[in-house]
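K.L.:
predicted model and sequence below, questions to follow.
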Amino acid sequence: QQQVKQSPQSLIVQKGGISIINCAYENTAFDYFPWYQQFPGKGPALLIAIRPDVSEKKEGRFTISFNKSAKQFSLHIMDSQPGDSATYFCAATYTGGFKTIFGAGTRLFVKA
Amino acid sequence: GAVVSQHPSRVICKSGTSVKIECRSLDFQATTMFWYRQFPKQSLMLMATSNEGSKATYEQGVEKDKFLINHASLTLSTLTVTSAHPEDSSFYICSASLPAGGPHEQYFGPGTRLTVT
C-alpha cells in the first residue's frame, strides 16, 4: 500500500516530442506528489509537484496531470529537448508522514 | 534558496576504515534530514531520518551501528560508514526538508560516491 508504481522504465522520444511518464499509488492518505529530475552522478532536483485538490499543474514545458479517483498521476514534458535526458522519479508523501515514497524511476532519452 | 551541500563528493577508502559524509543546508534551517542510498540505475532507498537533537530513525534492514547518523545542528547532519566493506560502495544522498513549507518539500544534496577497495 506504500508503493508508488512508475512506468515506463525507459523512454526514448524525438526532439520536440511529448514525453509522458505515469505513476499510480494505493495509499489514499498521500497528499503531495512531487516529481524529481536526476542527472547522472547528481542528486535529484525537485521539478514540479501537485496536491490532490487540483487536476493539473503546469510549469513551463512540464505538466502534471492528476486523477484522484484512479489514483494516478503523470508527468508530461512538452517540446522535449536533449537536455531533458535524465532519470525522472515520481513520489508521494502525506502530511505528518515525512517519509517520501519514490517510484522506480524512468530513464528518458531525447534524441536530437 | 533551499540549497543542500554534501562533502565529500567522492571518496575512496580501504576496507575496514570509517568514512564520514557531511550534509549541510546552506540557506535554511532543517529540522529533518534524510539519508538515502542509491545503487546504479535504481531508485532512492531511504536509510534513515535524522532529526536535530534526537536519535535518527533507521529504516528496516539498515544497521544503525554501521551507519552512524548525527544531526548536531539545524544545518548539519553527518553519516559515518563504520568499518566499510566493498558492499558499502554506493551513491549516498542526503536531503533536507523545509520546516515552514511543510514536511513535504525535500531538497537534495549532490550526493557522495563512496568506493571501498
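P.N.:
Nice, I can see it. Numbering: from 1, shown residues only, chains lettered A, B, ... in the order given.

K.L.:
tell me what the residue most central in space within chain B is bridged to.
P.N.:
What sits nearest the mean C-alpha location of chain B, by Cα atoms, centre = their mean, is B:Trp35, with 3.5 Å. Here B:Trp35 sits in beta bridges with B:Ala48, B:Cys94, as judged by DSSP bridges.

K.L.:
could I get stretch A:32-44 in CSV with only the CA atoms?
P.N.:
C-alpha atoms of stretch A:32-44 as CSV (Å, rounded to 0.1, in the frame of the first residue of the first chain):
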residue,chain,number,x,y,z
TYR,A,32,1.6,15.6,-2.0
PHE,A,33,3.0,14.3,-5.3
PRO,A,34,6.4,15.6,-6.4
TRP,A,35,8.4,14.8,-9.5
TYR,A,36,12.2,14.8,-9.3
GLN,A,37,14.7,15.0,-12.1
GLN,A,38,18.1,13.4,-11.7
PHE,A,39,21.2,13.7,-13.9
PRO,A,40,23.9,11.0,-13.8
GLY,A,41,26.1,11.5,-10.7
LYS,A,42,23.9,14.2,-9.2
GLY,A,43,21.3,14.4,-6.6
PRO,A,44,17.6,14.6,-7.5
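
K.L.:
distance from that stretch to the middle of the chain?
P.N.:
The chain centroid and the centroid of stretch A:32-44 are separated by 9 Å, computed with Cα atoms, centre = their mean, to the nearest Å.

K.L.:
starting at the chain centroid, how far to stretch A:84-99?
P.N.:
8 Å.

K.L.:
likewise stretch B:26-35?
P.N.:
11 Å.

K.L.:
that stretch - what's its average pLDDT?
P.N.:
The average pLDDT within stretch B:26-35 is 88.
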